[in-house]
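Enquirer: Need the 3D shape of this:
(one chain, ligands or ions: 1)
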Amino acid sequence: MERLPFIAGNWKMNKTVEEATGLVRELKTSLSGVKDVEVAVAPPFTALYSVSQELMGSSIRLAAQNVFYEEKGAFTGEISPLMLKAIGCQYVIIGHSERRQFFGETDETVNRKMKVALTHGLNPIFCIGETLKEREEGKTFSVIRRQIEGGLQGLGENEMKGVVIAYEPVWAIGTGKTATPEQAEEVHRFIRERLEKLYSPEIARGVRIQYGGSVTPENIRGLMGQEDIDGALVGGASLKAESFSRIVRFREM
Ligand code: 13P
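Expert: All right, here's what the predicted structure looks like:
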């Protein structure tokens, strides 16, 4: 099965509304004519609506960076899946390591968010990845396994068709230290094998697995050349139209 490459920009806590709409306008121009790659941007919540308006008629998809696991109510500061769906979000990043690290997210809360997102027709970009300490202690595969089993707990085959997985080794995020294509591929292959055990060969073949962590226009081609790497979740390099478009146009480089 051919998996459509998927490149998404996670803007994290960057860009005012004006900056965000400006960047999207530039992206619409610099990405025009791009085929056979799916592209998404994940602006901060305050800019989501303006960006969604700016993206009308464009093939660039809208993603949120987080979602809460309840639909509505007394949850000060949280954003519901219904609210995201209503403004045209198609994807939502769930379980990013920064949320696990700084905001106390666990495999269990991540799992609740996965379920509620899917119930409301949002496609999760489900993030997993080991820390440097875990890698050095030889725990990479056990951590990935725990995160997969915890995060996907209770999700059926049909739901898995709407899920994208992002492997983001924590030591490679914002550090300029990318995993080598071979290091990343080793974990991507492991993830696919787990999916085959938990679900089926069909699900394992169909689910897209992005790599994230210091992706640049210079290293994207090598990563995309690996059999089990189907795209990228890009942080820093997604904040400028020039670098993000070069990443999306990896085939032309
Ligand atoms: P950087 O590309 O800045 O390393 O960030 C990766 C990331 O965390 C994307 O979600």
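Enquirer: check contacts around the residue of the stretch 101-250 of the chain found nearest the ligand.
Expert: Among all residues of the stretch 101-250 of the chain, Gly235 sits closest to the ligand, at 2.2 Å; criterion: CB to the nearest ligand atom. From N, CA and C alone the C-beta is placed, and that goes for glycine too. Residues near Gly235 by CB atoms under 8 Å, 6 or more residues apart in numbering: Gly9, Asn10, Lys12, Ile173, Gly174, Gly212, Val215.
Enquirer: Show the pLDDT at the fourth one.
Expert: Looking back up the chat, that one is Ile173. On the pLDDT scale, Ile173 is placed at 92.
Enquirer: so it makes contact with Val215?
Expert: No. Here Ile173 does not reach Val215: they are 10.1 Å apart, not a contact under CB atoms under 8 Å.
Enquirer: And the helices in the stretch 51-200 of the chain?
Expert: Counting by DSSP state H, counting those that start in this stretch, the segments of the stretch 51-200 of the chain that form helices are 81-86, 97-102, 107-119, 132-136, 140-151, 157-160, 181-198.
Enquirer: From the contact counts, what lies against the shortest one?
Expert: In other words, helix 157-160. Counting contacts by 3 or more CB pairs under 8 Å, 6 or more residues apart in numbering; DSSP states H and E, helix 157-160 packs against helix 201-206.
Enquirer: buried stuff in the helix it packs on?
Expert: Across helix 201-206, burial judged by 16 or more other CB atoms under 10 Å covers Ile203, Ala204, Gly206.
Enquirer: Alpha carbons only: can I get it in PDB?
Expert: Taking C-alpha atoms only, helix 201-206 is exported to PDB below (Å, rounded to 0.1, in the frame of the first residue of the first chain):
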ATOM      1  CA  PRO A 201      -0.900  -6.400   8.600                       C
ATOM      2  CA  GLU A 202      -3.300  -4.100   6.800                       C
ATOM      3  CA  ILE A 203      -3.300  -1.500   9.600                       C
ATOM      4  CA  ALA A 204       0.500  -1.800  10.000                       C
ATOM      5  CA  ARG A 205       0.900  -1.100   6.300                       C
ATOM      6  CA  GLY A 206      -1.600   1.700   6.200                       C
END
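Enquirer: Can you name every helix or strand that the following helix or strand past it contacts?
Expert: Note on helix 201-206: by DSSP states H and E, the next helix or strand toward the C-terminus is strand 208-212. Under the contact criterion of 3+ CB pairs under 8 Å, 6+ apart, strand 208-212 touches strand 6-10, strand 164-167, helix 181-198, strand 231-234.
Enquirer: Strand 208-212 versus helix 181-198: what angle between them?
Expert: 140 degrees (axes from the mean of the first three to the mean of the last three CA atoms, to 10 degrees).
Enquirer: hmm, strand 208-212 in reach of the ligand?
Expert: Yes. Applying CB under 6 Å from any ligand atom, one finds strand 208-212 in contact with the ligand at Gly212.
Enquirer: which regions of the stretch 1-150 of the chain sit below the pLDDT cut-off?
Expert: Within the stretch 1-150 of the chain, the ranges that satisfy pLDDT under 70 run 1.
Enquirer: and it, which residues reach the ligand?
Expert: Proximity of the stretch 1-150 of the chain to the ligand is confined to Asn10, His96 under the rule CB under 6 Å from any ligand atom.
Enquirer: what's near enough to touch the one residue in the stretch 1-150 of the chain that gets nearest to the ligand?
Expert: In the stretch 1-150 of the chain, the residue found nearest to the ligand is Asn10; the distance is 3.7 Å by CB to the nearest ligand atom. Counting by CB under 8 Å, 6+ apart, Asn10 makes contact with Ala42, Ala63, Gln65, Ile93, His96, Gly212, Leu233, Val234, Gly235, Ser238.
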